[in-house]
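Asker: Just the structure for this:
(3 chains)
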Amino acid sequence: MTFSEQIISIIKRIPRGKVATYGQIAALAGNPRGARAVIWLLHSSSGKEKLPWHRVINGKGQISLKPGQGYEEQRVMLESEGVEFDLYGRVDMERYRWKP
DNA sequence: AACCTGACTTCGG
DNA sequence: TCCGAAGCCAGGT
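Answerer: Residues are numbered from 1 along each chain as shown, chains lettered A, B, ... in the order given. As a prediction, this is how the structure comes out:
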């Protein structure tokens, strides 16, 4: 299994209504420092691999996409799964973080 | 092989 | 708790 394949399979395991951080995924794939590599993968494979990319957010518990660049879409996707956002667009990690 | 990019993370002030 | 700087990874050019 290559690092990239690990990332793909891991993201596919994230259950509905839960979210994971880039760093968390990288760590599960065996590379605690590979958060940025995860980003690259989402860019290259989110379309063809049918990944639940919307369940991946940053460590602060918020969506990293900019409004008009996919932010709204991701937020709607998550809310439709039951994930709630506060006034600052952050989610309660203690409650929604995916714990494998 | 060097350099750049990207939806990050961590640490110090 | 918030902001900026520095560090890190994989793939493409």
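Asker: Pop out the phi and psi values for residue A:10.
Answerer: Here is the backbone geometry of residue A:10 (degrees, to the nearest 10): phi -70, psi -50.
Asker: swap in the one 3 residues further on?
Answerer: Backbone geometry at residue A:13, expressed as degrees, to the nearest 10, gives phi -90, psi -10.
Asker: now do residue A:20
Answerer: Residue A:20 adopts backbone torsions of phi -140, psi 160, taken as degrees, to the nearest 10.
Asker: That one: neighbouring residues, count only.
Answerer: For residue A:20, the neighbour count with other C-beta atoms under 10 Å is 23. The way it works is simple: take the backbone N, C-alpha and C, and place the C-beta from them, glycine included.
Asker: isn't it right up against residue A:97?
Answerer: Yes. Look at residue A:20 against residue A:97 with C-beta atoms under 8 Å: they come within range, at 7.1 Å.
Asker: DNA strand B contacts on chain A?
Answerer: Contact residues, chain A versus DNA strand B (C-beta under 7 Å from any atom of the strand): A:21-24, A:35-37, A:39-40, A:42-43, A:46, A:53-54, A:56-60, A:64-65, A:69-70, A:74.
Asker: Show me those residues that map onto strands.
Answerer: Within those, residues falling in strands by DSSP state E are A:21, A:56, A:57.
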